[in-house]
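> Provided below for reference: sequence and predicted model.
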There are 2 protein chains.
Amino acid sequence: MAEKQDPIQEMVAAARRTQILDAATVVFAKKGFHRATVKDIAQQAGVADGTIYTYFESKTDVLLHILQRLNQSTEREQDFARGTEQDFRTFFVTYVRQRMTLLWPNAEVFRAVLPEMLVNPELRDLYNEQVLVPTFAIGEKYFQQAIQRGIFRPIDVPLMMRTLAGTFIGLLIIQLLGDKEIEKRWEEIPEVFATMVLDGVAAKPE
Amino acid sequence: MAEKQDPIQEMVAAARRTQILDAATVVFAKKGFHRATVKDIAQQAGVADGTIYTYFESKTDVLLHILQRLNQSTEREQDFARGTEQDFRTFFVTYVRQRMTLLWPNAEVFRAVLPEMLVNPELRDLYNEQVLVPTFAIGEKYFQQAIQRGIFRPIDVPLMMRTLAGTFIGLLIIQLLGDKEIEKRWEEIPEVFATMVLDGVAAKPE
DNA sequence: CAAAATACTGAATATTCATTCAACATAGTT
DNA sequence: AACTATGTTGAATGAATATTCAGTATTTTG
């Protein structure tokens, strides 16, 4: 009579998976992927080494799931499109702030995930397909619209988009490399950056 | 009674060090630091495993020297200062192009070095002290001058500098994560980017 | 409550290298 | 040629650690 899929069982299993992923996130962030041992993760999660392998295929598989979870939380925020409805200047600042507010608290996770992503093709492709491509697609649509409405000048949209995304990642990395200035002042960056991009740094002729 | 310092001996030694560093660069770029074995490096260099240890303390020490060599080649190009002498618009484009021309051919080296730098404090500090700090200092001086001369509007110089540097690194990383657009069009980026930063993307009121 | 199924444990296994070093090779010196 | 110094070799060592699995605990079922 037991249902084939016991929902309670599943919730328990999901909870344990979450527990392990949380622990792994902490450990990876602290030691990096390669230096973190499965034992470390198990200890942090309060389970035995072997338990990890009940829920995940391998250590890499754990990282892969951390990445997926990170995506899910970012995807929800990606409604760039709404921006065209309101004052574009306010929107642009808001958008930049939103991105950074999302990225910065997870900075240490990126320290762990990014290195492995750069080197592991499986993770790289996953990130490319599931994060970069959709993010760029949405952003480009927004810029197209803004140009059509005469809000932005006719810039090269794909390159603009990548420059924008690159700046976020790059600033994060400079911070992760030890720069104190960004760490201290990252909350000011959205305004400074938005103004810079919108109006340019060159003195106006007049 | 061989002289204590035979210059020929030294040249031979230097050549062998270079040979090993070149080999390691290739191997690290292909496999990443952790997946690359000392045997891989030795084979690529055409020497025995043990020979590596005649010239370097450890595998990490090899990476450290690759990084130092990379710095040396970048430092030579860092005379940002000259820019104030000539037309600032031309200079800015030239500068961006110069940076990218320097970075892009070494993209695969960064794929190898960056992950380790993010995770290894020793390497991180080295990069911070020897590359980031001096680069930022020179750049900031340039921006200060440009502002004083009325060429740039009074922007936040430290953040501007970090945004600029961040964009280079970030674009490189997006490419390393598999984006084809940048790879295909990176030579166009200096113009697009410089125009964007100098004049802004917002349509002019008039 | 007993039996069956499932989850968990952590010591043992197996593998993967970084590093060492005794033996060999080469070049330089008298 | 004999001797010394220095460079090179790669098999052997040892440490680290991802993964397995036989045994134990817990939960579910009839």
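That came in fine, so what should we check first? Numbering: from 1, shown residues only, chains lettered A, B, ... in the order given.
> Tell me the span between the first and last residue of stretch A:42-55.
12 Å (Cα to Cα, to the nearest Å).
> Mind listing what's buried along it?
Residues A:42, A:44-45, A:47, A:51-52, A:55 are the ones in stretch A:42-55 that count as buried (16 or more other Cβ atoms under 10 Å in any protein chain shown). Placement of C-beta: from N, CA and C, glycine included.
> which one among those residues gets closest to DNA strand D?
A:Ile52 (7.2 Å; Cβ to the nearest atom of the strand).
> any idea whether the closest one is helix, strand or coil?
Secondary structure, DSSP: H, G, I helix; E, B strand; the rest coil: A:Ile52 is helix.
> again with the one 5 residues further on
Three states are possible here, and by three-state DSSP the one that applies to A:Glu57 is coil.
> how many neighbours does it have?
Residues contacting A:Glu57 under the criterion other Cβ atoms under 10 Å in any protein chain shown number 11.
> same thing with the one 10 residues further on?
Counted with other Cβ under 10 Å, the burial measure for A:Leu67 works out to 18 neighbours.
> Same check on the one 3 residues further on?
Neighbours of A:Leu70 under the rule other Cβ under 10 Å: 18.
> Shouldn't it be within a strand?
No. Counting by three-state DSSP, A:Leu70 is not found in a strand; it is helix.
> which residues touch it?
Residues counted as contacts of A:Leu70 (Cβ atoms under 8 Å, 6 or more residues apart in numbering or on different chains) are A:106, A:109, A:113.
> measure it to A:Phe91 for me?
As judged by Cβ to Cβ, to the nearest Å, A:Leu70 and A:Phe91 stand 24 Å apart.
> try A:Ala42
Distance, A:Ala42 to A:Phe91, by Cβ to Cβ: 45 Å.
> Check A:Val133 too.
For A:Val133, the distance to A:Phe91 equals 23 Å [Cβ to Cβ].
> Comparing those two, which shows the higher neighbour count?
A:Phe91 (20 against 13).
> where does the strand or helix carrying that one sit relative to the chain's centre, distance-wise?
Counting by DSSP states H and E, the element that carries A:Phe91 is helix A:88-103. Put simply, helix A:88-103 sits 14 Å off its chain's centre (Cα atoms, centre = their mean, to the nearest Å).
> Report all helices and strands that the helix or strand following it contacts.
Note on helix A:88-103: by DSSP H and E, the next helix or strand toward the C-terminus is helix A:107-119. When contacts are defined as 3 or more Cβ pairs under 8 Å, 6 or more residues apart in numbering or on different chains; DSSP states H and E, helix A:107-119 packs onto helix A:7-31, helix A:59-75, helix A:121-127, helix A:157-176, helix B:107-119, helix B:157-176.
> Now tell me what touches helix A:107-119 from outside.
With contacts defined as Cβ under 8 Å, 6+ apart, helix A:107-119 is touched by A:25, A:28-30, A:32-33, A:36, A:60, A:63, A:66-67, A:70, A:103, A:123-124, A:127, A:172-173, A:175-176, B:31-32, B:34-35, B:111-112, B:114-116, B:118-119, B:173, B:176-177.
> And for stretch A:25-32?
A:36, A:40-41, A:44, A:63, A:66, A:108-109, A:111-113, A:115, B:118-119.
> Quick check on the residues you listed: which are buried?
A:36, A:40-41, A:44, A:63, A:66, A:109, A:111-113, A:115, B:118-119.
> Make JSON lines from the contacts of A:Leu70 and add distance to B:Arg17 to it.
Putting those into JSON lines (distance: Cβ to Cβ, whole Å) gives the following:
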{"residue": "A:Asn106", "distance to B:Arg17": "40"}
{"residue": "A:Val109", "distance to B:Arg17": "37"}
{"residue": "A:Val113", "distance to B:Arg17": "34"}
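> Pick out whichever of the residues you listed sits closest to DNA strand D.
Nearest member of the contacts of A:Leu70 to DNA strand D, counting by Cβ to the nearest atom of the strand, is A:Val113, at 16.3 Å.
> so what pLDDT did that closest one get?
We have a pLDDT of 85 for A:Val113.
> ok, it to B:Phe33 distance?
Look at A:Val113 and B:Phe33: by Cβ to Cβ, they are 16 Å apart.
> Could you do A:Tyr55 as well?
Plainly put, A:Tyr55 is 29 Å away from B:Phe33 if you go by Cβ to Cβ.
> hang on, the earlier thing: columns distance to B:Phe143 on top of the contacts of stretch A:25-32, output as JSON lines?
Converted to JSON lines, the contacts of stretch A:25-32 look like this (distance: Cβ to Cβ, whole Å):
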{"residue": "A:Ala36", "distance to B:Phe143": "40"}
{"residue": "A:Asp40", "distance to B:Phe143": "44"}
{"residue": "A:Ile41", "distance to B:Phe143": "45"}
{"residue": "A:Gln44", "distance to B:Phe143": "45"}
{"residue": "A:Leu63", "distance to B:Phe143": "40"}
{"residue": "A:Ile66", "distance to B:Phe143": "39"}
{"residue": "A:Glu108", "distance to B:Phe143": "31"}
{"residue": "A:Val109", "distance to B:Phe143": "33"}
{"residue": "A:Arg111", "distance to B:Phe143": "29"}
{"residue": "A:Ala112", "distance to B:Phe143": "34"}
{"residue": "A:Val113", "distance to B:Phe143": "33"}
{"residue": "A:Pro115", "distance to B:Phe143": "32"}
{"residue": "B:Leu118", "distance to B:Phe143": "27"}
{"residue": "B:Val119", "distance to B:Phe143": "32"}
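> Kindly indicate which of the buried residues of stretch A:42-55 lies nearest chain B.
Using Cβ to the nearest Cβ, A:Gln44 is the member of these that sits closest to chain B, with 17.7 Å.
> Name all residues that make contact with the residue nearest to that closest one when sequence neighbours are not counted.
Nearest non-adjacent residue to A:Gln44, counting by Cβ to Cβ, 6 or more residues apart in numbering or on different chains: A:Ala23, 3.9 Å away. With contact taken as Cβ under 8 Å, 6+ apart, A:Ala23 is in contact with A:41-42, A:44-46.
> and if we set it to 7 Å?
For A:Ala23, the contacting residues are A:41, A:44-45, by Cβ atoms under 7 Å, 6 or more residues apart in numbering or on different chains.
> and if you look at A:Phe136?
Contacts of A:Phe136 (Cβ under 7 Å, 6+ apart): A:Met161.
> measure it to A:Ile147 for me?
Distance, A:Phe136 to A:Ile147, using Cβ to Cβ: 16 Å.
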